Each structure stands twice: as structure tokens, then as C-alpha cells.
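Chemist: with the input below, show me the fold.
(chains A and B)
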2 protein chains.
Amino acid sequence: MASQLKVDFRERAYTLLKEDAEKIFKLIQVQLDHLTMPQCPLYEEVLDTQMFGLSREIDFAVRLGLIDEKEGKEILGSVERSLTELREATLKK
Amino acid sequence: MASQLKVDFRERAYTLLKEDAEKIFKLIQVQLDHLTMPQCPLYEEVLDTQMFGLSREIDFAVRLGLIDEKEGKEILGSVERSLTELREATLKK
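Modeler: Coordinates of the predicted model:
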């Protein structure tokens, strides 16, 4: 029962972090879909702020022992790869 | 046993959040102690960033059900009051 509760917390933490990562993916996707439009100069700032927020959440979950450092790095890494893709696409357009 | 584990997680979350709030208090205190010195223009920015990070951690802990919204607001509120005190002291100097 106790370990079940721990699993519940771990799963809930993982789900929340994935949801927050998903929100950033959607912001990136919106930008990728509108590369021919004038870029909003605040977009980069918003994405940076959201990334920082996500990294703090992940760090907190790791310190709580709810997710492994490796899992946390994977979530953050996947969003970072998407951001790199957006920056490259923006430079090419 | 299960509820004990929940208490442990709640306590650990609360302790971590208080520790992070404490770090911001210390940054504020350093500024208050050096009001007669030239202010570093990045200080406000650093404090804002740290406050945003803390608010994201608190929000995450609330969503996880580890701390109450009221507890979270109290932690953030106490740091905000300290920040207001710093701003007022800076204006008066």
C-alpha cells in the first residue's frame, strides 16, 4: 500500500511534467507553422521563460525523489531538441 | 503506513519550498544590507526570476496534492512582502 502510494505520486509527477512539456511543444509548433509570418520578438523570451519554469519543476520533482534525474533530463532534452529545430527552421526561412 | 508516506512527501515538499524561499530571502537581505552601495541593475531581474521559479515549484506541489494552495500562497506571500520592503527601502535611500 505504501509503495503503491509512492508509485501514484511518481506517476502523477511524471504526468504533470509531460503535460507542461507538451504546452511548450505546442508553443513551438505554432511558431513552426507560421514561419512565413513576421516573428513576434517576444516569442523567444516566452519560450525561454517556460523552459526555465519546466526545469525548476523537474528539479523539484527530482529533489523530492519522485522522478529520476535521467527521466527529468529526457523530458527537458526532448523540448530542447524541438527548440533547436525551431531556431534552425527560423534561420533557414 | 500509506498515510505516513504521504505525510513524509508533504513534509519534504514543504521543507524544500521553504529552503528555496530562504535563498530568496538571503538575496533580499544582501541587498538591504548594502543599500548605500551602487545597486546592481541585474539584481531586480535575478529576484524576479527566482520568484517565478519558486512560484512554479509551489504550483507544481499544489497540483501534486503535496501542499495546500493556502500554504503555497503563504510561502510566496512572505517572500513578496520582503521584496516590497526592499523596494521601499531602495526608494527611500
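Chemist: the most centrally placed residue in chain A and chain B: what is the separation?
Modeler: By CA atoms, centre = their mean, chain A has its centre lying nearest to residue A:21, at 3.0 Å. Distance from residue A:21 to chain B, counting by CB to the nearest CB, to the nearest Å: 13 Å. Every residue, glycine included, has its C-beta placed from N, CA and C.
Chemist: got the phi and psi for that residue?
Modeler: Here the main-chain torsion angles of residue A:21 (degrees, to the nearest 10) amount to phi -60, psi -40.
Chemist: how near is it to residue A:82?
Modeler: Residue A:21 is 9 Å from residue A:82, where distance means CB to CB, to the nearest Å.
Chemist: residue A:20 now?
Modeler: 14 Å.
Chemist: who in chain A is up against chain B?
Modeler: Taking CB under 8 Å from any CB of the partner chain, the part of chain A that reaches chain B is made up of A:1-2, A:4-6, A:9, A:12-13, A:16, A:49, A:52-53, A:56-57, A:60-61, A:63-66.
Chemist: swap the cut-off to 10 Å and go again
Modeler: A:1-6, A:8-9, A:12-13, A:15-17, A:19-20, A:49-50, A:52-61, A:63-66 (CB under 10 Å from any CB of the partner chain).
Chemist: quote the end-to-end distance of stretch A:28-47.
Modeler: 8 Å (CA to CA, to the nearest Å).
Chemist: what about that stretch, distance to the chain center?
Modeler: Offset of stretch A:28-47 from its chain centre (CA atoms, centre = their mean, to the nearest Å): 16 Å.
Chemist: what's next to that stretch, contact-wise?
Modeler: The contact list for stretch A:28-47 (CB atoms under 10 Å, 6 or more residues apart in numbering or on different chains) reads A:24, A:27, A:49-50, A:79, A:82-83, A:85-87, A:89-90, A:92-93.
Chemist: would you state the helices of chain A in chain order?
Modeler: A:2-33, A:42-63, A:69-92 (DSSP state H).
Chemist: list the buried residues of the second one.
Modeler: Right, the one you point to is helix A:42-63. A:43, A:47, A:50-51, A:53-63 (16 or more other CB atoms under 10 Å in any protein chain shown).
Chemist: same check, this time on stretch A:78-92
Modeler: A:79, A:82-83, A:86.
Chemist: same question, stretch A:18-32
Modeler: Under the neighbour-count criterion of 16+ other CB under 10 Å, stretch A:18-32 has A:20-21, A:24, A:27-28, A:31 buried.
Chemist: from these, pick the one nearest residue B:70.
Modeler: residue A:20 (22.9 Å; CB to CB).
Chemist: that closest one: what's it in contact with?
Modeler: A:50, A:53-54, A:57-58, A:75, A:79, B:56, B:59-60, B:63.
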